[in-house]
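1. Okay, sequence plus prediction incoming.
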Amino acid sequence: MMDVMVNQRTCVDEGGNAHTFTYFLLQDDMEYGVGVHSDRGEAVRIPHITPDRTRITQLLDLLCRLEVSPIHLRDVIDDWL
């Protein structure tokens, strides 16, 4: 499986703490997935979401725009599917 860093976003939570999330495209043969890593050590990888490169790119754009954390990644993908 190949991981390609796509974007990195820093956001500030309600308590004024900064969090940096790094978003990854996961590719295994012709299947794509996503990963999100936090600067605080949390990481979630969800491989084999779709074979469609355009759809996974749209999903990654959404994740970055909404600054989705690793904790919320599965919920967002469940809603997206």
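-> Cool, got the structure. Residues are numbered from 1 along each chain as shown.

2. show me where the protein has strands.
-> Using DSSP state E, the strands of the chain run over 2-12, 18-28, 31-38, 43-50.

3. nearest to Leu63, of those strands?
-> Closest to Leu63 of the strands of the chain, according to CB to CB: strand 18-28, at 5.6 Å. Yep, even glycine has a C-beta here, placed from its N, CA and C like the rest.

4. circling back: make TSV out of the strands of the chain and add mean pLDDT.
-> Putting the strands of the chain into TSV (pLDDT from 0 to 100) gives the following:
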stretch	mean pLDDT
strand 2-12	93
strand 18-28	96
strand 31-38	96
strand 43-50	95
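
5. Can you say which of these is packed in most?
-> strand 31-38 (a mean of 20; mean count of other CB atoms under 10 Å).

6. Tell me how far that strand lies from the chain's centre.
-> 5 Å (CA atoms, centre = their mean, to the nearest Å).

7. Adjacent strands (with direction) for that strand?
-> Looking at strand 31-38 with DSSP bridges, its partner strands are strand 18-28 (antiparallel), strand 43-50 (antiparallel).

8. Endpoint to endpoint, stretch 68-76 covers what distance?
-> Separation of the first and last residues of stretch 68-76 by CA to CA, to the nearest Å is 8 Å.

9. wait, I meant stretch 5-18
-> Start-to-end, stretch 5-18 (CA to CA) is 20 Å.

10. Likewise for stretch 34-47?
-> Using CA to CA, the two ends of stretch 34-47 sit 6 Å apart.

11. for that stretch, the distance to its chain's centre please.
-> 7 Å.

12. Same question for the lengthiest helix in the chain: list its buried residues.
-> Identified as the longest helix of the chain according to DSSP state H is helix 53-65. Judged by neighbour count (16 or more other CB atoms under 10 Å), helix 53-65 contains these buried residues: Ile56, Leu59, Leu60, Leu63, Cys64.

13. And for stretch 66-81?
-> Glu67, Val68, Ser69, Pro70, Leu73, Val76, Ile77.

14. how close does the last one get to Arg45?
-> Pointing back at Ile77 there. 11 Å (CB to CB, to the nearest Å).
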